[in-house]
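Peer 1: Sequence first, predicted coordinates after that:
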Amino acid sequence: MAETIEVLVPGGQADPGPPLGPELGPTAVNVQEVVNEINDQTEAFDGTEVPVTITVEDDGGFEIEVGVPPTAALIKDEAGFETGSGEPQEDFVADLSIEQVKKIAEQKKPDLLAYDTKNAAKEIVGTCASLGVTIEGEDAREFKEKVDAGEYDDVLGAEEAPA
């Protein structure tokens, strides 16, 4: 019977210690093999906490499913700050470029309701507003209005919804 283990690991930096080692130790899998596979699959999220689900078979086989880190974690990692603002409408903690917003939107898109990069970016901008992060030097809400108006379609693409 397969056993499922869910853990949060730093992208590309998992090791056989906690939380993985104690969870995998009693199973038939080669722990180092699982750790190496997780690191290969999560290296793009370098150091950011990534949700990982490991399905362990009785015969020692395993399957790894890598989730996408929370949007706030991706923004913090990209902008290089630890905690959001206590007063996000007045006290700004970081500024992202439109290219950084696009990068986060593309990483997060599989987990979002958005059907294209432009709408995924608007979801990212909403999280920026609550963290106290500006985009291109502007308040996130003002930036979102410009995205809605099509000012950044050249970067984010003006893709149409699938038919």
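Peer 2: In hand now; what should we look at?
Peer 1: If you drop the residues flanking it in sequence, what lies closest to residue 68?
Peer 2: Excluding the flanking residues, the one nearest residue 68 by C-beta to C-beta, 6 or more residues apart in numbering is residue 111, at 4.6 Å. In this view, the C-beta of every residue, glycine as well, is placed from N, C-alpha and C.
Peer 1: Look at the one you found and say how many residues are nearby.
Peer 2: Neighbour count for residue 111, taken as other C-beta atoms under 10 Å: 14.
Peer 1: wouldn't it be in contact with residue 70 here?
Peer 2: No. Between residue 111 and residue 70 there is no contact under C-beta atoms under 8 Å: 9.2 Å.
Peer 1: so the nearest residue to residue 1 once chain neighbours are set aside, which of the three states?
Peer 2: In space, and not counting its chain neighbours, residue 1 is closest to residue 58: 6.5 Å by C-beta to C-beta, 6+ apart. Secondary structure for residue 58, judged by DSSP: H, G, I helix; E, B strand; the rest coil, is coil.
Peer 1: Give me the local confidence score for the residue nearest to residue 68.
Peer 2: pLDDT recorded at residue 111 is 83.
Peer 1: contacting residues for the residue nearest to residue 1?
Peer 2: Applying C-beta atoms under 8 Å, 6 or more residues apart in numbering to residue 58 gives the contacts 1-2, 28.
Peer 1: and if you look at residue 130?
Peer 2: 84, 88.
Peer 1: how much space is there between it and residue 24?
Peer 2: 36 Å (C-beta to C-beta, to the nearest Å).
Peer 1: Low-confidence ranges, the chain, go.
Peer 2: Residue ranges of the chain with pLDDT under 70: 158-163.
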